[in-house]
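Participant: Here is a sequence with its predicted model. Questions after.
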Amino acid sequence: MGNSKIARENLAKQIKNGAVILHSGSIVYRNNDTWYPFRQDSNFYYLTEWPEPDAHAVILIKDSEPELHLFVQDRNEEMETWEGKRLGQSGAVDDYEALKAYSFQDYEKILPNLLRGFNDIYCDYSSNNFEKYDKKVLTHAVPYDQRGTDFSNATLYSLQPLISELRLIKSDGEIELLTKACDITVEGHIHAMKTANAGMYEYQVGAEMERIFYDRGAERLGYPSIVAGGHNACILHYSTNRDQLDEGSLLLIDAAAEYGMYSSDVTRTFPVSGKFTSPQKDVYEEVLKVQNEGIEGVVVGNSMKEVHQQTIKTLSESLVNLKLVPLGVEETISMMHFFEFFMHGTGHWLGLDVHDAGSNEVNGQPRAFEHGMVTTIEPGIYVRPTKPVIEFPLLERDPNEIRERRKIMGMEKATKLEKEEMMNAKTVKHEIPKDLLGIGVRIEDDIVCTNNGPMNLTENAPKTIEEIEAVTA
Ligand SMILES: [Mn+2]
């Protein structure tokens, strides 16, 4: 249980003196007598590694030393016959480094005693169970009613900012698990490339890939697999996966395994019939160039904002090369014409959650990359088949100004004004090259920022046209 021990120690160094309260996830009902497979809450797991539902953790911190108290489900032979083995209080103490363990049922009774003398109490408001348990229990533990005789000096804080900062920097043990998740994911993608053929259904390719994930030890998927043939690649979160693959089309797969609770996140786009057509190749080469450049930007001191801006610049050059936009590179950027074809971010943090904890800003400034941060780099170009002619507004648009204005005016008023400005702006009609319509390409890798530069955990998934055609042929 080394990873959570390190995490608790790091948290204790930040808090110095105080108490932290966290809750596990619960079983979620699906439909009659059926439940969703249980997955532990990420914050709870990060600080305890406790695998079971219905648990609470109280971490008491004195002089920067953490003490773990766990409330867990009681052993119960009859329940265990139905639901599986429980670790119980002895498991919590012997195998999960709890100083003391208690019955889940006794939380309300015991918590006030544990919190006695602690003035700073950190709660995980992001957990649904905060509402369910702590609102009530903390009223007893930390009386706030000034008419009461026992008025407490305690102050409640949100744990979120602290734990997000900690989760942003991965320990060696965490990188090990991420690496394993990435290795498995790469194997699955390669298998999908080998297996996919015209006539197959998207879900069949998905099943082949996911079989490899599970066979290699993945507990579950990091997120629902996107297996998007042809035009479906232009739907960003497509995951119905029910269409049949057409001869000569591309297949975009955005899918990953979760291993040891850590998720990978990989996208590859490849030709169903083994060879890229010439227009597919043109779009693919551009996205690949942009993506490789993005990876090189994941270096200490640089920021995701800078990587994103560079991505937009190079991608806009690509859009001009491909004749997808009516004007030059400068206007494609300043008038945000690129947004027709690239409408998402360049990357996001990766870890226990596929969109992992951690903000992109520190005190209003872009966050600089540091050793141990893990991010995806995933540019794309999507040429929607439904828009053969696009009317581009001739209007300078600064994303920073738009954001500022939304803050000042409020979302509703600001977006109304934006629409009006767009309506009133002159436009230029542009015909999209016919052979590019319906092509969607995204390429995504998982990058660790290290003191020695970017480390690509998913580089073994074929990516150049030669590498891909060698596997798909
Ligand atoms: Mn992603």
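Facilitator: Thanks, I have the structure now.
Participant: in the stretch 101-250 of the chain, which segments are predicted with low confidence?
Facilitator: Along the stretch 101-250 of the chain, the model assigns pLDDT under 70 to residues 142-152.
Participant: so where do the strands sit in it?
Facilitator: Per DSSP state E, counting those that start in this stretch, the stretch 101-250 of the chain carries strands over the ranges 120-123, 155-158, 220-221, 226-229, 250-255.
Participant: Any idea which of these gets closest to residue 209?
Facilitator: Checking the strands of the stretch 101-250 of the chain against residue 209 by C-beta to C-beta gives strand 250-255 as the closest, at 6.2 Å. Bear in mind the C-beta positions are built from the backbone N, C-alpha and C, glycine included.
Participant: wouldn't residue 65 be in contact with residue 11 here?
Facilitator: No: Residue 65 is beyond contact range of residue 11, at 11.2 Å (criterion: C-beta atoms under 8 Å).
Participant: quick one: which of these two has more around it?
Facilitator: A direct count of neighbours by other C-beta atoms under 10 Å for residue 65 and residue 11 places residue 11 higher, at 23 against 13.
Participant: Average pLDDT for the helix or strand where that one lies, rounded please.
Facilitator: Element membership for residue 11 (DSSP states H and E) is helix 2-15. Per-residue pLDDT over helix 2-15 has a mean of 97.
Participant: same check, this time on stretch 256-267
Facilitator: 98.
Participant: residues from the stretch 151-300 of the chain in reach of the ion?
Facilitator: residue 265 (C-beta under 5 Å from the ion).
Participant: One more pass at 8 Å, please.
Facilitator: 254, 265, 267 (C-beta under 8 Å from the ion).
Participant: Can you add neighbour count and distance to residue 302 and give these back as JSON lines?
Facilitator: Listed next are those as JSON lines, based on neighbours: other C-beta atoms under 10 Å; distance: C-beta to C-beta, whole Å:
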{"residue": "254", "neighbour count": "25", "distance to residue 302": "25"}
{"residue": "265", "neighbour count": "26", "distance to residue 302": "20"}
{"residue": "267", "neighbour count": "24", "distance to residue 302": "22"}
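Participant: Show me which of these is closest to residue 301.
Facilitator: Nearest member of those to residue 301, counting by C-beta to C-beta, is residue 265, at 24.0 Å.
Participant: thinking that closest one is in contact with residue 444, fair?
Facilitator: Yes: between residue 265 and residue 444 there is a contact at 6.4 Å, judged by C-beta under 8 Å.
Participant: residues shared between the contacts of the two?
Facilitator: 254, 376, 378 (C-beta atoms under 8 Å, 6 or more residues apart in numbering).
Participant: Residue of the stretch 351-473 of the chain nearest the ion, please.
Facilitator: The nearest approach of the stretch 351-473 of the chain to the ion comes at residue 376, 4.4 Å away (C-beta to the ion).
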